[in-house]
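# Attaching a predicted model along with its sequence, questions to come.
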Amino acid sequence: MGGRAETVGLSEWHAVALRDPGAVAPPEARAIYRLLDDAYGGEMWHWMPECVRSPVDVIVGAVLVQHTTWVNAERALEMLREVGMLDMNTLAAADEATIAALVRVSGTPTIKAKRLRAIASTIERHGGLDAFLAQPLASMRPLLLATHGIGPETADAIALYAAGQRAFVIDAYTRRLFGRLGLGPAAKATYDVWQRFFEDALPDEGA
């Protein structure tokens, strides 16, 4: 790593890189990770252990937040909580129309109701919540990905924040930031390619 990127502060480097990506030699992924962690790592957010009431909140929230803001997802989450439906067995047995009415505020309610029932059924078929989350990532992730409506980002969010597994979640912001800096795979690379890029670049971060 060399050039001006080694000496500028995070805010200056970020501003210059966004204005003209070629003006600053982009730092390595590990350096960027550490800069961001230093700047924002202490901030509280909705899926930190201190904020989450139970793994169910993460699992259900990961579905509800698809294509909407966390504010709307949280409102839907609380609607489910109020009627005692934040339980995998209860969700698996519930009528989709009932679930949809409760989660309407999060958008696409019929789609999310179907997905919530699907993930709850997957978990119940594999021994219930505790047994499901106790599996190694190599066993859990394929089961999540085989579930209706659960893609790689949602699966990894559940593995990381609900089960405490070591998974690097790739979202649109990650791709956008590193794409603007000229780092990482090609713009149209798959989720798995982006994930391997970061796992290779950060093999021991967060271990």
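Received the coordinates, thanks. Residues are numbered from 1 along each chain as shown.
# what about the protein, any weak spots by pLDDT?
1-27, 49-50, 204-207 (pLDDT under 70).
# switch the cut-off to 50
For the chain, the stretches flagged by pLDDT under 50 are 1-11, 13, 16-17, 20-26.
# ok, and what's touching the longest helix seen in it?
With residue count as the measure and DSSP state H as the assignment, the chain has helix 109-125 as its longest helix. Residues outside helix 109-125 that contact it (CB atoms under 8 Å, 6 or more residues apart in numbering) are 59-60, 63-64, 66, 76, 88-92, 94, 96-97, 99-101, 103, 106, 129, 132, 143-144, 146-150. Where you see a C-beta, it was placed from the backbone N, CA and C, and this is true even at glycine.
# cool, and stretch 55-68?
In contact with stretch 55-68 (CB under 8 Å, 6+ apart) are residues 46-47, 52, 70, 72-74, 76-77, 80, 86-88, 91, 103, 106-108, 112, 115-116, 119, 123, 129, 133, 149-150, 154, 157-158, 161-163.
# from these, which ones fall inside helices?
Short answer: the contacts of stretch 55-68 in helices (DSSP H) are 70, 72-74, 76-77, 80, 88, 91, 112, 115-116, 119, 123, 129, 133, 154, 157.
# among those residues, which ones are buried?
The neighbour-count test (16 or more other CB atoms under 10 Å) marks 72-74, 76-77, 80, 88, 91, 112, 115-116, 119, 123, 129, 133, 154, 157 as buried among those.
# Work out for me the element Arg30 sits within.
For Arg30, the host element (DSSP states H and E) is helix 29-40.
# Could you identify the helix or strand that succeeds that helix?
helix 55-64.
# now the angle from that following helix to helix 109-125?
Relative orientation of helix 55-64 versus helix 109-125 (axes from the mean of the first three to the mean of the last three CA atoms, to 10 degrees): 140 degrees.
# could I have helix 55-64 exported to CSV, CA atoms only?
Output of helix 55-64 as CSV, limited to C-alpha atoms (Å, rounded to 0.1, in the frame of the first residue of the first chain):
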residue,chain,number,x,y,z
PRO,A,55,-32.6,-15.0,17.7
VAL,A,56,-36.2,-15.0,16.5
ASP,A,57,-36.1,-11.2,16.1
VAL,A,58,-33.1,-11.5,13.8
ILE,A,59,-34.7,-14.4,11.7
VAL,A,60,-38.0,-12.7,11.3
GLY,A,61,-36.5,-9.2,10.9
ALA,A,62,-34.1,-10.5,8.2
VAL,A,63,-37.2,-11.4,6.1
LEU,A,64,-39.2,-8.3,7.0
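# re earlier: which positions in the longest helix of the chain come out as buried?
Here helix 109-125 shows 109, 111-124 as buried, counting by 16+ other CB under 10 Å.
# can you tell me how far the residue nearest the centre of the chain sits from Val169?
Using CA atoms, centre = their mean, the residue of the chain that lies closest to the mean C-alpha position is Ala157, 3.6 Å off. As judged by CB to CB, to the nearest Å, Ala157 and Val169 stand 5 Å apart.
# Alright, I will stop here.
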